[in-house]
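Enquirer: the sequence and its predicted three-dimensional model are supplied below.
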Amino acid sequence: MSKQRWGAAVLAGALAIGLSVAASPAQAHDRRGGDPVRTVGYYTQWGLKDRGIPVRYLVDNGTAARLTHLNYAFGLLDEQGRCVSSDPVADYQRLIPAEQSVNGRADQPGQALAGNLNQLKQLKKKFPELRVYISLGGWTGSKYFSNAALTPRSRAEHVKSCVDLWLKGNLPGTPAGAAKGVFDGIDLDWEWPATEGNAGNVVRPEDKQNFTKLLREYRTQLRQQGFKDRKTYDLTAFLPANREAMDRGYELADVYKLLTFATVQGYDYHGTWEKTTNQQSALRVPEGDPTTPKDSGEIVVDAHIERGAPLDKITLGVPYYGRGWTGVPDRNNGLFQQSTGAAPGSYEAGYEDYRTLKTLVAGGKFKLYRDDKAGHAWLFDGTTFWTYDDPTELARKGRFIRDRKLGGAMIWSLDGDTSQGELIRGLSSGLHRR
């Protein structure tokens with residue numbers, strides 16, 4: 001038996017008796033004196049179409065060289081729970097011109113694979129240790145996860161369809177296996193089991209138990225496919241900050257055992273679904289915070305640990321965007337004040353990328369405020385308030401992750417950084433000792 005086959009057999013045995021899943025070789029980075037093992041970034045399907053950010057941007061601004069993992073968001077599920085591409089043009093049909101291409105060569109009509117997936121394939125060739133996952137679901141794409149997880153048959157059919165589409169690379173209208181080798185694993189962004197999340201999601205009380213069963217089905221089929229392909233396929237999931245959602249929707253200790261690692265929500269603690277201005281991603285609860293229950297990175301990390309999460313599997317999320325309110329009284333520098341609603345944003349009200357928020361400070365109208373004790377920053381111009389993370393706060397978060405001996409940082413989303421890569425450089429400076 002070859003070493004690789006022997007390794008697959010050992011992994012199979014471990015999974016059969018419910019042991020924790022070991023890191024794949026590409027993940028077993030030297031911690032360099034206790035440094036975190038991973039930096040995970042989400043690249044969005046709509047990054048090029050809606051924001052003008054091609055995969056090439058991640059090379060040019062220094063991000064790709066600092067990532068260990070990239071999650072491509074999102075693949076969707078149909079009503080029966082099968083995996084589908086929601087935008088075939090963006091995923092694998094659009095011809096990318098030379099100036100936007102990772103390898104500097106333009107796509108040609110008739111080639112087997114184009115679009116974002118071909119660019120990710122080129123990115124992996126340029127950075128061979130980078131692990132790339134397909135992320136399924138997301139806030140607006142979690143409607144049918146409950147259907148997929150409902151029965152043994154639906155779970156098996158769901159996973160089979162995802163393996164066939166994304167790992168075997170059998171995309172509709174392309175040669176068989178055209179996208180094989182692009183993805184090294186699957187990331188589940190079910191938001192949230194047993195809790196509605198986005199309006200209209202299918203929700204069942206048994207989602208909690210079914211999510212664990214779905215992970216077991218994934219492990220079985222990923223092991224089988226990995227054996228055929230002589231490689232290890234990873235399985236990760238995005239897990240919530242909200243403690244009620246944790247307890248209602250997850251057998252968390254079991255979930256962590258089945259995952260290669262988890263990405264944990266480290267943002268959206270507050271936003272314009274509330275009228276009161278507040279931090280969205282502070283490390284600690286700011287003095288005077290009027291809300292109950294309190295939310296912070298420290299609270300969320302501790303909640304996962306209390307529920308059985310191993311430190312090295314917690315990958316704490318950080319935002320490359322801000323949340324904003326307007327109609328805010330000019331008191332307390334705008335913090336903890338009643339607003340009239342969401343601030344205007346480039347893509348949606350109350351939401352703005354860092355690369356745009358940075359220009360507000362440079363323009364001189366907005367003033368930057370910082371709470372070094374709680375670990376958060378905000379902008380205020382006397383009526384409009386933005387809570388956001390800048391390079392200073394991301395460096396602080398990197399140090400927090402390193403000091404707590406967590407597994408790393410996750411970024412939502414990579415298109416929010418500047419062309420100079422200011423955020424990734426700030427985060428990396430905190431994660432790694434110099």
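Expert: Structure's in. What do you need? Residues are numbered from 1 along each chain as shown.

Enquirer: hey, which helix is longest across this structure?
Expert: Looking across the chain with DSSP state H, the single longest helix is helix 207-229.

Enquirer: tell me where the stretch 201-350 of the chain has strands.
Expert: In the stretch 201-350 of the chain, the segments counted as strands under DSSP state E, counting those that start in this stretch are 234-239, 261-264, 314-319, 321-326, 341-342.

Enquirer: CSV please, covering the ones you listed and showing mean pLDDT, distance to Lys160 and mean neighbour count.
Expert: (Glycine included, C-beta is placed from N, CA and C.) Below are the strands of the stretch 201-350 of the chain laid out as CSV (pLDDT from 0 to 100; distance: least, C-beta to C-beta, whole Å; neighbours: other C-beta atoms under 10 Å):
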stretch, mean pLDDT, distance to Lys160, mean neighbour count
strand 234-239, 99, 15, 24
strand 261-264, 98, 24, 26
strand 314-319, 98, 27, 25
strand 321-326, 98, 35, 26
strand 341-342, 98, 42, 15
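
Enquirer: give me every residue that touches the residue lying closest to Glu244 once chain neighbours are set aside.
Expert: The shortest distance from Glu244 to any non-neighbouring residue, by C-beta to C-beta, 6 or more residues apart in numbering, is to Thr195 (7.6 Å). The contact partners of Thr195, taken as C-beta atoms under 8 Å, 6 or more residues apart in numbering, are 203, 242, 244-245, 248-249.

Enquirer: which of those has the most neighbours?
Expert: Counting neighbours by other C-beta atoms under 10 Å, Gly249 leads these with 25 neighbours.

Enquirer: for Ile305, the count of nearby residues, please.
Expert: Neighbours around Ile305, by other C-beta under 10 Å: 14.

Enquirer: again, but for Glu79
Expert: Glu79, neighbours per other C-beta under 10 Å, totals 10.

Enquirer: just the one 4 residues further on next, same as before
Expert: For Cys83, the tally of surrounding residues (other C-beta under 10 Å) stands at 22.

Enquirer: so it touches Gly141, yeah?
Expert: No: Cys83 is beyond contact range of Gly141, at 11.0 Å (criterion: C-beta atoms under 8 Å).

Enquirer: find residues that contact each of the two.
Expert: Joint contacts of Cys83 and Gly141 (C-beta under 8 Å, 6+ apart) are 75-77.

Enquirer: return the member of the residues you listed nearest to Asn103.
Expert: Gly75 (24.4 Å; C-beta to C-beta).

Enquirer: can you pull the buried residues of stretch 366-376?
Expert: Buried residues in stretch 366-376, counting neighbours by 16 or more other C-beta atoms under 10 Å, are found at 366, 371, 374-376.

Enquirer: from these, pick the one nearest Gly345.
Expert: Phe366 (14.5 Å).

Enquirer: which residues touch that closest one?
Expert: 360, 379-381, 384, 386.

Enquirer: quick check: it vs Arg404, distance?
Expert: Between Phe366 and Arg404 the computed distance is 32 Å (C-beta to C-beta, to the nearest Å).

Enquirer: show me which residues of stretch 44-61 are buried.
Expert: 44-48, 51, 53-59, 61.

Enquirer: looking at this, Asp91 is in a helix?
Expert: Yes: counting by DSSP: H, G, I helix; E, B strand; the rest coil, Asp91 is part of a helix.

Enquirer: residues contacting Ala178?
Expert: The neighbours of Ala178, taking C-beta under 8 Å, 6+ apart as the test, are 92, 112-113, 169-171.

Enquirer: most neighbours among those, which one?
Expert: Using other C-beta under 10 Å as the neighbour criterion, Leu171 leads those with 25 neighbours.

Enquirer: wait, that one sits on Leu165?
Expert: Yes: Leu171 lies in contact with Leu165 (C-beta under 8 Å); the separation is 6.7 Å.

Enquirer: what's the overlap in contacts for these two?
Expert: Between them, Leu171 and Leu165 share the contacting residues Ser85, judged by C-beta under 8 Å, 6+ apart.

Enquirer: if we can go back for a sec, what's the distance between the residue nearest to Glu244 and Leu58?
Expert: For Thr195, the distance to Leu58 - C-beta to C-beta - is 33 Å.

Enquirer: again with Trp378
Expert: Taking C-beta to C-beta, one finds Trp378 at 27 Å from Leu58.

Enquirer: hey, C-alpha coordinates of stretch 330-340 in CSV?
Expert: The C-alpha atoms that make up stretch 330-340 are tabulated as CSV, following Å, rounded to 0.1, in the frame of the first residue of the first chain:
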residue,chain,number,x,y,z
ASP,A,330,-23.7,65.1,17.3
ARG,A,331,-23.1,63.7,20.7
ASN,A,332,-20.5,61.2,22.1
ASN,A,333,-18.8,61.4,18.7
GLY,A,334,-21.8,59.7,17.2
LEU,A,335,-21.4,56.5,19.2
PHE,A,336,-24.5,54.9,20.9
GLN,A,337,-26.9,57.5,19.4
GLN,A,338,-30.3,57.1,17.8
SER,A,339,-30.2,57.4,14.0
THR,A,340,-32.9,58.0,11.4
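
Enquirer: ranges for the strands of the stretch 51-200 of the chain?
Expert: 69-77, 83-84, 131-137, 185-189.

Enquirer: shaky segments in the chain?
Expert: 1-34 (pLDDT under 70).

Enquirer: quick one: the helices in it?
Expert: Using DSSP H, helices in the chain cover 3-16, 47-51, 56-60, 88, 115-126, 145-148, 152-162, 207-229, 243-249, 252-258, 297-306, 354-362, 391-403, 422-431.

Enquirer: other SSEs contacting the third one?
Expert: Think helix 56-60. In terms of contacts (3 or more C-beta pairs under 8 Å, 6 or more residues apart in numbering; DSSP states H and E), helix 56-60 is packed against helix 115-126.

Enquirer: tell me which residues are up against the helix it packs on.
Expert: Residues from elsewhere that reach helix 115-126 (C-beta under 8 Å, 6+ apart): 43, 45, 47-48, 54-56, 58-59, 64, 70, 72, 88-94, 96, 101-103, 107, 111, 113, 130, 132, 171, 179, 181-182.

Enquirer: next: stretch 388-402.
Expert: Contacts of stretch 388-402 (C-beta under 8 Å, 6+ apart): 34-36, 266, 280-281, 283, 297-298, 316, 318-323, 352, 354, 357-358, 368, 370, 375-379, 408-409, 422-423, 425-433.

Enquirer: most neighbours among the contacts of Phe366, which one?
Expert: Neighbour counts for the contacts of Phe366 (other C-beta under 10 Å) peak at Trp386, which has 30 neighbours.

Enquirer: quick check: that one touching Thr326?
Expert: No: in this structure, Trp386 is not within contact of Thr326 by C-beta under 8 Å, at 9.8 Å.

Enquirer: list the residues that contact both of these two?
Expert: Going by C-beta under 8 Å, 6+ apart, residues that sit against Trp386 and also against Thr326 are Ala343.
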